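Chemist: Structure, please.
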Amino acid sequence: KFSDYTHNLEYIDINSIAIGNNQFWLSGDDGNIQILDEYLNLDYIIDDTDFNSIRKIVFYEDYAFAIGSVLEDDVIIQYSTGDYPNYLNYITINELLNTISDCSTCSGDDAIHDINIYDHKIFLATTAGSFIADLTDYAHSLLSFSLDWSLEYTYETLLVVNDLFYTRDNNQIT
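Modeler: Below is the predicted model of the structure:
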């Protein structure tokens, strides 16, 4: 049985659905996030016109991190998930990769394919490879400056599931 809840929404163009803190976070192609309570009633809208799209959302403690885009650049966006969820900041993938000294595969025109948080670590799957940072001592600030990112794989990474990476090298998926 299917139920129609679109009458509860401000926007009906949904890219992804994530669940955190007994809420449903719906991301859209125009950069918005709609947050529904456990009964699917609309609680909050985070509508930031700087973002072209929000493609995936993951949660860690009092924060949500999302993959999105600003103009032509992929970005990692940080939101608070407290009583009044809101936008905090973002960083482009190229700004983030510029902080990583051993990123010989970074082209300056990289894209984010996936993001995951597992076992107090944040994982990024990008065209430049797989990157990991430990969130155990996360200082609650912008991801690039508060974390020590390391390059795990130099192959283009398509997907991260827990701590497993799906990479592409010469059109071979590993």
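Chemist: Going by C-alpha atoms from here, please, whenever you check contacts or count neighbours.
Modeler: Will do.
Chemist: How about residues contacting the strand or helix carrying D43?
Modeler: For D43, the element it lies in under DSSP states H and E is strand 42-47. The set of residues that contact strand 42-47 without belonging to it, under Cα atoms under 8 Å, 6 or more residues apart in numbering, is 8-9, 31-37, 84-87.
Chemist: Most neighbours among the residues you listed, please name it.
Modeler: Counting neighbours by other Cα atoms under 10 Å, I33 leads the contacts of strand 42-47 with 28 neighbours.
Chemist: measure that one to D169 for me?
Modeler: 34 Å (Cα to Cα, to the nearest Å).
Chemist: got any ranges where this protein has weak pLDDT?
Modeler: Judged against pLDDT under 70, the low-scoring parts of the chain cover residues 101-108, 139-146.
Chemist: which stretches of it form helices?
Modeler: 93-98, 143-146 (DSSP state H).
Chemist: Now Q78: closest residue in space that isn't a chain neighbour?
Modeler: F65 (4.7 Å; Cα to Cα, 6 or more residues apart in numbering).
Chemist: cool, and T49?
Modeler: T49 sits nearest to G31 (Cα to Cα, 6+ apart), 6.3 Å away.
Chemist: Settle this for me: the one you found is touching D50, isn't it.
Modeler: Yes: with contact defined as Cα atoms under 8 Å, G31 and D50 form a contacting pair (7.3 Å).
Chemist: measure the residue nearest to T49 to I54 for me?
Modeler: Between G31 and I54 the distance, using Cα to Cα, works out to 5 Å.
Chemist: Contacts only, for the most centrally placed residue in the chain.
Modeler: The chain has A66 as the residue nearest its centroid, 2.5 Å off, counting by Cα atoms, centre = their mean. Contacts of A66 were listed using Cα under 8 Å, 6+ apart, and they are 54-58, 76-78, 115.
Chemist: For it, which non-adjacent residue is spatially closest?
Modeler: For A66, ignoring the flanking residues on the chain, the nearest one in space by Cα to Cα, 6+ apart is I57 at 4.3 Å.
Chemist: What count of nearby residues applies to that neighbour?
Modeler: Residues near I57, counting by other Cα under 10 Å: 26.
Chemist: hang on, the earlier thing: mind listing what's buried in the strand holding D43?
Modeler: Neighbour counts over strand 42-47 (16 or more other Cα atoms under 10 Å) mark 42-43, 45-46 as buried.
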